[in-house]
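> What follows is a predicted structure for the sequence shown.
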Amino acid sequence: MKILTENREARHNYFLEQTLEAGIALIGSEVKSIRAGKANLKDSYVLIRDGEVFLLNCFISNFDKTGMFKPDERRNRKLLLNRQEIMKLERKIKEKGYTIVPTKMYLSGDKVKVEIALAKGKHLFDKKKDLMKADLKRYAERQIKG
């Protein structure tokens with residue numbers, strides 16, 4: 001498994017509870033562009049519409065050596081999940097505060113996969129608490145090391 005891009009901001013803004021692996025429907029040159037590391041999940045999110053799951057606002061740059069056909073860089077891309085997984089996600093989203101965010105894009109064999117997570121938003125005090133924990137951990141590691 002080779003991680004191609006990661007959404008680090010998701011861990012900062014959300015409590016990630018459950019993760020799922022989803023395939024992604026791509027057009028020709030998008031795969032080459034993703035393999036070249038020209039994809040970004042930073043502002044992207046997942047939406048369920050009419051029993052289908054879509055990845056919205058994911059940036060995949062156009063591949064340099066593509067001919068005339070160049071797909072939109074921020075187009076909606078369909079995520080491939082089975083019916084039971086979609087229904088489970090739909091039930092959880094209807095609960096207050098839950099959303100679905102993409103966390104990683106990686107290669108599994110020769111296929112591009114997206115890891116999505118069921119997430120609950122953090123409040124400002126939760127974010128500050130996490131930053132304090134990270135600072136204390138870093139401080140303790142420095143003390144042990146030197």
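Happy to help now that I have it.
> Give me the most central residue, this protein.
Centroid-nearest residue in the chain, with Cα atoms, centre = their mean: residue 102, separated by 1.9 Å.
> Quick check: the gap between that one and residue 89.
13 Å (Cβ to Cβ, to the nearest Å). C-beta: built from backbone N, CA, C; applies to glycine.
> The residue nearest to the centre of the chain bridge partners, please.
Applying DSSP bridges to residue 102 gives these bridge partners: residue 116.
> my guess is it meets residue 43, correct?
No - here residue 102 lies out of contact with residue 43, judged by Cβ atoms under 8 Å, at a distance of 10.4 Å.
> Check which helix or strand residue 87 maps to.
Using DSSP states H and E, residue 87 sits within helix 83-94.
> Need the contact partners of stretch 44-63.
With contacts defined as Cβ atoms under 8 Å, 6 or more residues apart in numbering, stretch 44-63 is touched by 7, 22, 24, 26, 29-30, 32-34, 36, 38-43, 70-71, 73-74, 76-79, 81, 83, 86, 89-90, 93, 99-102, 114, 116.
> Buried ones only from these, please, as a ChimeraX command.
Command for ChimeraX, covering only those of those found buried under the criterion 16 or more other Cβ atoms under 10 Å:
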select :7,22,24,26,29,30,33,34,38,39,40,41,71,77,79,81,86,89,93,100,101,102,114,116
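> packing partners for the lengthiest helix in the chain?
Criterion DSSP state H: the longest helix present in the chain is helix 124-145. Applying 3 or more Cβ pairs under 8 Å, 6 or more residues apart in numbering; DSSP states H and E, we find helix 124-145 packed against helix 8-13.
> Just the residues contacting the helix or strand following the helix it packs on, thanks.
The helix or strand immediately downstream of helix 8-13 is strand 14-24, counting by DSSP H and E. Defining contact as Cβ under 8 Å, 6+ apart, one finds that strand 14-24 is touched by 10, 53, 55, 77-81, 85, 89, 99, 101, 103, 105, 108, 111-122, 126.
> let's see it at 6 Å
Applying Cβ atoms under 6 Å, 6 or more residues apart in numbering, the external contacts of strand 14-24 come out as 77, 79-81, 112-121.
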